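A.B. asks: this one's structure only:
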């Protein structure tokens, strides 16, 4: 998910993977020469393969060490990345629900007038509905 936001992290992981593949390829080459019979040409090729392996191994170990040190820092810092957005969301929800509470409180106060019985409220509602039905813009169903 963060690859579009943090492309350098994604590239570092890809470079490490590429170096790991190179390292494994050269390591298998060294192991192949070690398994062969110890003759002059094989020993020369084994020495050459080990010389090729050494810088690749050091490069892989350096990249791996760097990622092992930096990835935990990155993952712990992602909280700092999301915290402002989360705080804004919570604040927006508080404002919304506060306004809704005020509106519903006002509506309840208007509807819930003291001293009216259920029958009186029902007659009042029927009268208002009759007025609405009597309007010319209301179709009869």
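C.D. replies: Done, it's in. Just so it is clear, the structure is predicted and the values come from calculations on it, not from any experiment.
A.B. asks: what ranges of this structure fall below the confidence cut-off?
C.D. replies: For the chain, the stretches with pLDDT under 70 are 1-6, 113, 138-141.
A.B. asks: Which strands or helices does the longest helix along the chain pack on?
C.D. replies: Ordering each helix of the chain by length in residues (DSSP state H) puts helix 40-111 first. Contacts of helix 40-111 with other secondary structure elements, assessed using 3 or more C-beta pairs under 8 Å, 6 or more residues apart in numbering; DSSP states H and E, are made with helix 7-35. Every C-beta, even on glycine, is put in place using the N, C-alpha and C of the backbone.
A.B. asks: List the buried residues for the helix it packs on?
C.D. replies: Neighbour-count burial for helix 7-35 flags 12, 16, 19, 22, 23, 26, 29, 30, 33 (criterion: 16 or more other C-beta atoms under 10 Å).
A.B. asks: Pull up the gap between residue 103 and residue 96, please.
C.D. replies: According to C-beta to C-beta, to the nearest Å, residue 103 and residue 96 sit 11 Å apart.
A.B. asks: let me fix that: residue 89
C.D. replies: Relative to residue 96, residue 89 is positioned 11 Å away (criterion: C-beta to C-beta).
A.B. asks: and if you look at residue 88?
C.D. replies: 12 Å.
A.B. asks: what's the answer for residue 72, then?
C.D. replies: From residue 72 across to residue 96, the span is 37 Å (C-beta to C-beta).
A.B. asks: go on, residue 128?
C.D. replies: Taking C-beta to C-beta as the measure, residue 128 and residue 96 are separated by 30 Å.
A.B. asks: repeat for residue 31
C.D. replies: Going from residue 31 to residue 96 by C-beta to C-beta gives 65 Å.
A.B. asks: All set, thanks.
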